[in-house]
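[1] How does the following fold in three dimensions:
(chains A and B)
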2 protein chains.
Amino acid sequence: MDTVTPMPLTREDRAMSRFVDDYLLYLMARASHVLSAEFHTTLRRAGVPVPVWRVLATLSGSPPETVTGLAEACLLQQPTMTKLLDRMVRDGLVQRLPDAKDRRVVRIEATPRGEALVKDLLDAARQHETEVLRRFPEMDEHALKELLRAIIARPARGRRAAVRAA
Amino acid sequence: MDTVTPMPLTREDRAMSRFVDDYLLYLMARASHVLSAEFHTTLRRAGVPVPVWRVLATLSGSPPETVTGLAEACLLQQPTMTKLLDRMVRDGLVQRLPDAKDRRVVRIEATPRGEALVKDLLDAARQHETEVLRRFPEMDEHALKELLRAIIARPARGRRAAVRAA
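    This is a model prediction of the structure:
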């Protein structure tokens, strides 16, 4: 016996072995979705749309970010991000400013109003994470985060160049 | 020194610490997205839409699945899944059949044509996974998959009931 609590298997799971139940990309996508959905109930109660949360959370503790950087971080297409930012500028949550070095590049920063809106949500997100770590004591927080950061930073050969060109 | 290769940090990363870079839900979503996007280039080359791949991969090695089960596994809303299945039935990739025990419940299974379509993609997915595991030797495949299966199987209290009722 190790410290991992066996997951409950349905009758069907026992009967045969599904491809996806041992497929890393499926397990990562589904587990990520389950945990994110838990936090999204907090966002719904606060009346904050998920993409608005993602933008403000990404800008938190960050220097002003490019639209491309925000789109990548928030898993949105660039045109969708541009429209979202238009709305968030109108709502006074973020502002556009020219890059310090290249004035053709636009950067985005949170306004004091945006920072105020996200403050309690950041606390709630940290609390939820603490609760998740408690629920899964088999999770090695440091090793897992290092691995995930490495996956994000080290895409397959050829991919990084493609992303940069997009 | 441990075996983890440090990720390259940008100038901005070094200057200050972004909330999301230490936020588990962000890191999981982004890493999952990066790895899935790698495999999606294979799907694009094969001309198979991502949702069609997800349905056929989920049915692989599985007994006939309910629409609800497929929607959950493929991270789609139920009405979207119903429309997708209509199209896949028309294309001869899946078929609907009544549940063996409760004829009011519809189950979905792949047709021989659907199975033929997904066969090479399953091989490509396994190959990609092998390549990912080689690229990240710090990844403990067994422990990580156990953890992800546990996250999927053990949602926060109250959530499972809500999902079942939906």
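
[2] Wait, a strand at residue A:95?
    Yes: under DSSP: H, G, I helix; E, B strand; the rest coil, residue A:95 sits within a strand.

[3] So it versus residue B:20, what's the distance?
    Shown here: residue A:95 relative to residue B:20, a distance of 20 Å by C-beta to C-beta, to the nearest Å. For every residue, glycine as well, the C-beta is placed using N, CA and C.

[4] repeat for residue A:152
    As judged by C-beta to C-beta, residue A:152 and residue B:20 stand 10 Å apart.

[5] Find residues that contact each of these two.
    Between them, residue A:152 and residue B:20 have residue B:27 as joint contacts when contacts are counted by C-beta atoms under 8 Å, 6 or more residues apart in numbering or on different chains.

[6] still on that earlier bit, in terms of neighbours, single out the busier of residue A:95 and residue B:20.
    Neighbours per residue (other C-beta atoms under 10 Å in any protein chain shown) separate residue A:95 from residue B:20, with residue B:20 holding more: 20 against 16.

[7] dump the residue contacts of the more buried one.
    Counting by C-beta under 8 Å, 6+ apart, residue B:20 touches A:57-58, A:60, A:62, A:73, B:26-27.

[8] and what of residue A:95?
    A:89, A:108-109, A:111.

[9] From residue A:106, how far out is it?
    The value you get for residue A:95 to residue A:106, if C-beta to C-beta is used, is 10 Å.

[10] Equivalent analysis for residue A:125, please.
    Using C-beta to C-beta, residue A:125 is found at 27 Å from residue A:106.

[11] next one: residue A:127
    Residue A:127 sits at a distance of 34 Å from residue A:106 (criterion: C-beta to C-beta).

[12] From the neighbour counts alone, determine which of the two ranks first.
    More neighbours sit around residue A:106 than around the other of residue A:127 and residue A:106, counting by other C-beta under 10 Å; the figures are 15 against 12.

[13] Bridging across strands, which residues link to the more buried one?
    Each beta-bridge partner of residue A:106 is listed here, defined by DSSP bridges: residue A:98.

[14] what does the model give it for pLDDT?
    According to the predicted model, the pLDDT of residue A:106 comes to 94.

[15] Same question for residue A:155.
    According to the prediction, residue A:155 has pLDDT 71.

[16] same thing with residue A:25?
    You'll see residue A:25 listed with a pLDDT of 98.

[17] Please apply the same query to residue A:13.
    pLDDT, residue A:13: 49.

[18] try residue A:161
    Turning to residue A:161, the model gives it a pLDDT of 43.

[19] One more: the one 5 residues further on?
    Residue A:166 is assigned a pLDDT of 40 by the prediction.

[20] same question, residue A:74
    Per-residue pLDDT puts residue A:74 at 96.

[21] Was I right to think it contacts residue A:52?
    No: using C-beta atoms under 8 Å, residue A:74 and residue A:52 do not qualify as a contacting pair, with a distance of 9.8 Å.

[22] For chain A, just list every one of the helices.
    For chain A, applying DSSP state H gives helices covering A:11-15, A:24-46, A:50-59, A:67-73, A:78-90, A:112-135, A:141-153, A:159-165.

[23] got JSON lines for these, with distance to chain B too?
    Converted to JSON lines, the helices of chain A look like this (distance: least, C-beta to the nearest C-beta, whole Å):
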{"stretch": "helix A:11-15", "distance to chain B": "5"}
{"stretch": "helix A:24-46", "distance to chain B": "4"}
{"stretch": "helix A:50-59", "distance to chain B": "5"}
{"stretch": "helix A:67-73", "distance to chain B": "7"}
{"stretch": "helix A:78-90", "distance to chain B": "14"}
{"stretch": "helix A:112-135", "distance to chain B": "5"}
{"stretch": "helix A:141-153", "distance to chain B": "4"}
{"stretch": "helix A:159-165", "distance to chain B": "6"}
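
[24] Could you tell me the least trusted of these?
    Taking mean pLDDT as the measure, helix A:159-165 is lowest among these, coming in at a mean of 45.

[25] residues in contact with the closest residue to residue A:48 other than its chain neighbours?
    Counting by C-beta to C-beta, 6 or more residues apart in numbering or on different chains, the nearest residue to residue A:48 once its immediate chain neighbours are dropped is residue A:121, at 6.5 Å. For residue A:121, the set of contacting residues under the criterion of C-beta under 8 Å, 6+ apart consists of A:42-43, A:46, A:48, A:53, A:56-57.

[26] which two from the residues you listed end up farthest apart in space?
    A:42 and A:56 (13.9 Å; C-beta to C-beta).

[27] of the two, who's got more company?
    Here residue A:42 and residue A:56 are compared on neighbour count by other C-beta under 10 Å; more neighbours surround residue A:56, at 22 against 16.

[28] That'll do, ta.
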